[in-house]
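Enquirer: sharing a sequence plus its predicted fold:
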Amino acid sequence: MERQGLLIVHTGKGKGKTTAALGLAMRAWGDGLRVLILQFIKGGWKYGELHAIETLAKAEGRIEVRQMGLGFTRKGETPRAEHLAAAKKALQMAETEITSGKWDMVILDEINYAVKFGLISEQKLADLLAKRPQNLHLVCTGRDAPEVLLAQADLITEMKSHRHPFESGIKAQKGIEF
């Protein structure tokens, strides 16, 4: 069966965008596909998914995650210029890997945030989308997906929050939020 690559978007204000993308990554890996996850905002912290993916990679390979970001742009002391440089590097890596032929699925985790916060222009994203091979599954996550992405997407899922534990004063839980 010839694979038709899909452009998949997970967006919205609800929790679960990255989690859904990681679920796709696990399913794809389980079916023998080669999967790369590039995280545009996350960096530095050790999230639970990193350990799981490292374990799978050691067992059989075919899956990799790369944290390219410096953390959230509105928190911390990291100067904006450093966030811009990290996003530029992540975008260059995304282009290299998307066009390399090494992967069956590439997940651009939180790329929508990178566009929203002005770290990547919508035009640069459009240019990247134009270079995607027809057989590559490309998954983009983050709130406020830009129109250039939504217009081309084959599948769009919008996460909507009805209730979140943070609203009740419950802090982020290991294994759930990170």
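Expert: Received, thanks.
Enquirer: for the record, mean pLDDT for stretch 130-140?
Expert: Mean per-residue pLDDT for stretch 130-140: 98.
Enquirer: endpoint to endpoint, that stretch covers what distance?
Expert: 14 Å (Cα to Cα, to the nearest Å).
Enquirer: which positions in that stretch come out as buried?
Expert: Arg132, Leu136, His137, Leu138, Val139, Cys140 (16 or more other Cβ atoms under 10 Å). C-beta: built from backbone N, CA, C; applies to glycine.
Enquirer: so how far is Leu7 from the residue nearest the centre of the chain?
Expert: Closest residue to the average C-alpha location of the chain: Asp109 at 1.1 Å, with Cα atoms, centre = their mean. Plainly put, Asp109 is 15 Å away from Leu7 if you go by Cβ to Cβ, to the nearest Å.
Enquirer: from Arg132, how far off is the spatially closest residue to Leu6 that is not a sequence neighbour?
Expert: Nearest residue to Leu6, sequence neighbours excluded (Cβ to Cβ, 6 or more residues apart in numbering): Asp154, at 4.4 Å. Here Asp154 is placed at a distance of 11 Å from Arg132 (Cβ to Cβ).
Enquirer: now tell me which helix or strand of the chain has the poorest mean pLDDT.
Expert: helix 48-60 (a mean of 83; mean pLDDT, DSSP states H and E).
Enquirer: show me where this protein has its strands.
Expert: Remark: strands assigned in the chain by DSSP state E are 7-12, 35-39, 63-67, 105-109, 137-141, 155-159.
Enquirer: and those as a markdown table, adding distance to Ser168?
Expert: Formatted as a markdown table, the strands of the chain follow (distance: least, Cβ to Cβ, whole Å):
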| stretch | distance to Ser168 |
| --- | --- |
| strand 7-12 | 21 |
| strand 35-39 | 28 |
| strand 63-67 | 30 |
| strand 105-109 | 27 |
| strand 137-141 | 25 |
| strand 155-159 | 19 |
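Enquirer: so how many other residues sit close to Phe40?
Expert: For Phe40, the neighbour count with other Cβ atoms under 10 Å is 27.
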